[in-house]
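[1] Need a 3D model of the following:
(one chain, ligands or ions: 1)
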Amino acid sequence: MIHLDRVSKRYRAGKDGLRGVSLSVGEGELVFVTGHSGAGKTTLLRLIPGLERPSGGRLSVAGMAVDRLPRRKLPQLRQRVGVTFQDHRLLPDRTVFENVALPLAIAGLPPREAARRVRAALDKVGLLAKEQAYPVTLSGGEQQRVGIARAVVGRPPVLLADEPTGNLDPRLSAEIMRLFLSFQEVGTTVLVATHDLALVRAFGRRVVTLHEGELAADRPAGEAA
Ligand SMILES: Nc1ncnc2c1ncn2[C@@H]1O[C@H](COP(=O)(O)OP(=O)(O)OP(=O)(O)O)[C@@H](O)[C@H]1O
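    Okay, the predicted model is just below:
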């Protein structure tokens, strides 16, 4: 589902975000991406939906050659990749419902079908009762779940999460992680970038470790840390 072949990303300032990373993630797999601050986790997660372009190498996502993708095809790629960010990036002047509906409005879905899907996504993250609330009135964990609902509302085959548990306590963090597992169970390919090694160990999944932009380790699911 996601294939990187010697992918590099050099930023304008001359800094390397990634250096020659080769990696394949199969359909329906859940992979944790870990590494110290500046290791390249965010860079990897930004390359996959085409938010950044690789400087070298080959990258394909859900059957699309991202490294050679014409600009006009970017929306098509973004519909196949849902993304959640640590800081949620929710619009403060829109309700929970409106925030989650946004990607569907952009995709031009009829309002009735969009509303049905928004409610299904909110139900999945346990926030149906808060659909008319504004983001500021929600807890950090709830805001994170709204961000997740927005990422999955278009039913993308690929879901990416950048530090989804960054500001949450251990109990809420585990809850959020279980949510990602539930998307994997229905066939979604999931990549979760996180610093939280204890949490990663607790779930016993495949763990990819980056170090200074390079792939330092790739530990299969079920193997002890
Ligand atoms: N827009 C940018 N311009 C220049 N350099 C960048 C940019 N984004 C990231 N970098 C550099 O690329 C390297 C990898 O950064 P990246 O954000 O991918 O790491 P990370 O593992 O996500 O770190 P963190 O855990 O702190 O978010 C770092 O050296 C960083 O300074």
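[2] and the residue nearest the centre of the chain, what does it touch?
    Geometric centre of the chain, nearest residue: residue 160, 1.4 Å, by C-alpha atoms, centre = their mean. For residue 160, the contact set (C-beta atoms under 8 Å, 6 or more residues apart in numbering) comprises 45, 48-49, 81-84, 151, 190-193. In this view, the C-beta of every residue, glycine as well, is placed from N, C-alpha and C.
[3] Mind checking which of the residues you listed are buried?
    In those, burial by neighbour count holds for 45, 48-49, 81-84, 151, 190-193, counting by 16 or more other C-beta atoms under 10 Å.
[4] show me where the protein has strands.
    2-10, 16-25, 30-34, 56-61, 64-65, 81-84, 158-162, 189-193, 206-211, 214-219 (DSSP state E).
[5] Kindly state which of those is positioned closest to the ligand.
    strand 16-25 (3.7 Å; C-beta to the nearest ligand atom).
[6] Make TSV out of the strands of the chain and add distance to the ligand and mean pLDDT.
    Below are these laid out as TSV (distance: least, C-beta to the nearest ligand atom, whole Å; pLDDT from 0 to 100):
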stretch	distance to the ligand	mean pLDDT
strand 2-10	8	97
strand 16-25	4	96
strand 30-34	8	96
strand 56-61	15	97
strand 64-65	22	96
strand 81-84	14	94
strand 158-162	7	96
strand 189-193	7	96
strand 206-211	6	96
strand 214-219	11	95
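[7] residues in the protein within reach of the ligand, list them.
    11, 13, 15, 17, 35, 37-43 (C-beta under 6 Å from any ligand atom).
[8] 8 Å instead, please
    9, 11-13, 15-18, 35-46, 52, 162-163, 193, 195, 210, 212-213 (C-beta under 8 Å from any ligand atom).
[9] Can I have the buried ones of these as a PyMOL selection?
    Applying 16+ other C-beta under 10 Å to the residues of the chain next to the ligand, the buried members can be selected in PyMOL as follows:
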select buried, resi 9+16+17+18+35+39+40+41+42+43+44+45+46+52+162+163+193+210+213
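[10] How about residues contacting the longest helix along the chain?
    Assignment by DSSP state H gives helix 170-185 as the longest helix of the chain. Here helix 170-185 makes contact (C-beta under 8 Å, 6+ apart) with 28-30, 124-125, 140-141, 144-145, 148, 152, 159, 161, 164-165, 168, 190, 192, 196, 198-199, 202-203.
[11] and the angle from it to strand 158-162?
    Here helix 170-185 points in a direction 160 degrees away from that of strand 158-162 (axes from the mean of the first three to the mean of the last three C-alpha atoms, to 10 degrees).
[12] Can we start the residue count at 72 from this point?
    Noted, 72 is the first residue going forward, which turns the last one into helix 241-256.
[13] in helix 241-256, what's buried?
    243-248, 250-251, 254-255.
[14] on that earlier part again, from the contacts of helix 241-256, list just the buried residues.
    Counted by 16+ other C-beta under 10 Å, those give 100-101, 195-196, 212, 215-216, 219, 223, 230, 232, 235-236, 239, 261, 263, 267, 270, 274 as buried.
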